[in-house]
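# Sequence below, structure please.
(4 chains)
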There are 2 protein chains.
Amino acid sequence: MAGRPRSFDRDAALATAVELFWRTGYEGTSVAMLTSAMGVSPPSLYAAFGDKHHLFEEASARYFARTCEGLDRAVELPTARAAIERMLEDTARAHTGAATPPGCLMLTEPRLDAQREVLHQRIRDRLDRGVQDHELPSALDTDRLAAFLVAVMRGMSGCARDGGTTEDLRGIAETAMAAWPAAHRERA
Amino acid sequence: MAGRPRSFDRDAALATAVELFWRTGYEGTSVAMLTSAMGVSPPSLYAAFGDKHHLFEEASARYFARTCEGLDRAVELPTARAAIERMLEDTARAHTGAATPPGCLMLTEPRLDAQREVLHQRIRDRLDRGVQDHELPSALDTDRLAAFLVAVMRGMSGCARDGGTTEDLRGIAETAMAAWPAAHRERA
DNA sequence: ACCATACCGTATCGACCGCTACAGAAGTCT
DNA sequence: AGACTTCTGTAGCGGTCGATACGGTATGGT
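Numbering: from 1, shown residues only, chains lettered A, B, ... in the order given. Reported below is the predicted structural model:
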């Protein structure tokens, strides 16, 4: 007992919403902008996604899932250092993509602090594994280093929003890596 | 030929506006919020400050001037390293003050990129002086290091907005200082 | 005293905000 | 076919946005 089928591609419309929220943020994106960009009338949008807040949650979750895919690939690298270097390089490129808005939705949107906390934990977990692998000194404060790295990524996002190039962001990333802890010594 | 005198303290009202823009940003602050917090009716506000955009410019300029005072004091320290350490410590405290909103207006507000550019230049200038003083290696890319430091400060501001404590921000600052270039060697 | 001037509060402007009532259209069911 | 369900576009809801018209009020100048 199905009714009239939806006349638009829900997934494509959601992708458009992601793009818009990414570019202008939650508060800065009106429902009129969304309906116009998605090619959907307001009632259709509300029927398909609920209210604006619910649409944003779905859009940001989609964005975050994509981010986590890259994160997973980086985490699998053999060393913590290589993993973090990969993350920073991914960040530099993702924040300055020609086809996407500058900066990062997750790192810019005030209300996405829960996602940022997950990012922090994922980084800290990889650092902890580096300690277990004797790649990093056991005395290392991994929580602190992870907080630093999140802060750097956030700074990179802001730099991109201010017009910074991929190379500008790489410069920040490479400078940050100079803060990497000294190699673990086998004998204390 | 003066008319009826202003019934409110313009400077105090401006300080209130700074506080409000600082806490909720330009877009997130309505004129109604401003008039209510400043204790001033809309026509009085418009007569004294022009439109909302003009008020924001005056408020952000005032905020920036205060920031620059601290910057001046830091820059005068004998070494570039001490100057930057002072800046980061000031940042950690200023972004987590109990009597002020968390984070930094200049580093958070998208449209204040010109102020951020000035901050970048001020930092680079101090680093250049460090190179001239043979405190820092002559091969150092001071522009790049300055961009890194601005990114770190921005990350600290974001961390503060997410509820980070002064100690959290200090951790980021101290970790960042580990990226400080190796001491200049007298003989290559 | 009286005018000119500049600020005061009230009440409101048109535009846009997020959101929805309504009626018609396009499907599946019996 | 006809009933039923769900999506469609139009048109508009109450509320808030930034900004102002207006008449009243407090000052200085003459």
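# Pick out the residue in chain A sitting closest to DNA strand D.
Proximity to DNA strand D, evaluated over chain A using CB to the nearest atom of the strand, is greatest for residue A:3 at 1.7 Å. No exception for glycine: its C-beta is placed from N, CA and C like everyone else's.
# Relative to residue B:2, how far out is that residue?
72 Å (CB to CB, to the nearest Å).
# Got the confidence number for the residue of chain A closest to DNA strand D?
Per-residue confidence (pLDDT) for residue A:3: 87.
# secondary structure class for it?
coil (DSSP: H, G, I helix; E, B strand; the rest coil).
# Next up, the contacts around it.
By CB atoms under 8 Å, 6 or more residues apart in numbering or on different chains, the contact list for residue A:3 is empty.
# Can you pull the poorly scored residue ranges out of chain A?
Within chain A, the stretches with pLDDT under 70 are A:1, A:184-188.
# So which bits of it are right by DNA strand C?
For chain A, the contact set with DNA strand C under CB under 7 Å from any atom of the strand comprises A:1-5, A:29-33, A:42-43, A:46, A:51-53.
# Out of the residues you listed, give me the one that has the most neighbours.
Neighbour counts for the residues of chain A next to DNA strand C, by other CB atoms under 10 Å in any protein chain shown, peak at residue A:29, which reaches 20 neighbours.
# mind checking the SS state of that residue?
Using three-state DSSP, the secondary structure recorded for residue A:29 is coil.
# Now do the contacts for it.
A:20-21, A:23.
# Please repeat the previous calculation with a cut-off of 7 Å.
For residue A:29, the contacting residues are A:20-21, by CB atoms under 7 Å, 6 or more residues apart in numbering or on different chains.
# separation between it and residue A:40?
From residue A:29 across to residue A:40, the span is 14 Å (CB to CB).
# Check which residues of stretch A:14-26 are buried.
A:14, A:16-23, A:25-26 (16 or more other CB atoms under 10 Å in any protein chain shown).
# Of the residues you listed, which pair is most distant in space?
Pairwise distances across the buried residues of stretch A:14-26 peak at 17.1 Å for A:14 and A:25 (criterion: CB to CB).
# Other residues contacting stretch A:151-171?
A:91-93, A:95-96, A:102-104, A:107-108, A:172-173, A:176, B:110, B:113, B:116, B:144, B:147, B:150-152, B:154-156, B:158-159, B:172.
# Check the separation of the first and last residues in it.
15 Å (CA to CA, to the nearest Å).
# ok so, going back, among the buried residues of stretch A:14-26, pick out the one closest to chain B, please.
The closest of these to chain B turns out to be residue A:25 (CB to the nearest CB; 8.4 Å).
# Could you verify my assumption that that closest one touches residue A:111?
No: using CB atoms under 7 Å, residue A:25 is not in contact with residue A:111, being 9.6 Å away.
# do stretch A:10-21 and chain B meet?
No: using CB under 7 Å from any CB of the partner chain, stretch A:10-21 stays clear of chain B, coming no nearer than 14.4 Å.
# How far does that stretch sit from its chain's centre?
Taking CA atoms, centre = their mean, to the nearest Å, one finds stretch A:10-21 lying 16 Å from the centre of the chain it belongs to.
# relative orientation of whichever strand or helix holds residue A:150 and helix B:142-161 in degrees?
Using DSSP states H and E, the element containing residue A:150 is helix A:142-161. Angle of helix A:142-161 versus helix B:142-161, following axes from the mean of the first three to the mean of the last three CA atoms, to 10 degrees, is 110 degrees.
# CA atoms only for stretch A:10-21 - export them in PDB, please.
The C-alpha trace of stretch A:10-21 is given here as PDB (Å, rounded to 0.1, in the frame of the first residue of the first chain):
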ATOM      1  CA  ARG A  10      17.100  11.500  -1.200                       C
ATOM      2  CA  ASP A  11      20.800  10.600  -1.000                       C
ATOM      3  CA  ALA A  12      21.800  13.200  -3.600                       C
ATOM      4  CA  ALA A  13      19.700  15.800  -1.800                       C
ATOM      5  CA  LEU A  14      21.400  14.900   1.500                       C
ATOM      6  CA  ALA A  15      24.800  15.300  -0.200                       C
ATOM      7  CA  THR A  16      23.800  18.800  -1.300                       C
ATOM      8  CA  ALA A  17      22.700  19.600   2.200                       C
ATOM      9  CA  VAL A  18      26.100  18.500   3.500                       C
ATOM     10  CA  GLU A  19      27.800  20.800   1.000                       C
ATOM     11  CA  LEU A  20      25.700  23.700   2.100                       C
ATOM     12  CA  PHE A  21      26.000  23.200   5.800                       C
END
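# list the helices and strands the longest helix seen in chain A packs on?
In chain A, assigned by DSSP state H, the helix with the most residues is helix A:52-75. If you count contacts as 3 or more CB pairs under 7 Å, 6 or more residues apart in numbering or on different chains; DSSP states H and E, helix A:52-75 packs onto helix A:10-24, helix A:80-94, helix A:105-108, helix A:113-132.
# got the angle for that helix vs helix A:80-94?
Going by the same axes, to 10 degrees, helix A:52-75 is angled at 140 degrees with respect to helix A:80-94.
# Name the residues of helix A:52-75 that come out as buried.
A:52, A:55-60, A:63-64, A:67-68, A:71, A:74-75.
# For these, give me CSV that also has distance to residue A:163.
As requested, the buried residues of helix A:52-75 are exported to CSV (distance: CB to CB, whole Å):
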residue, distance to residue A:163
A:52, 29
A:55, 29
A:56, 26
A:57, 30
A:58, 30
A:59, 25
A:60, 24
A:63, 22
A:64, 25
A:67, 22
A:68, 27
A:71, 26
A:74, 26
A:75, 31
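# out of those, who's nearest residue B:133?
Closest to residue B:133, out of all of these and judged by CB to CB, is residue A:74, at 39.6 Å.
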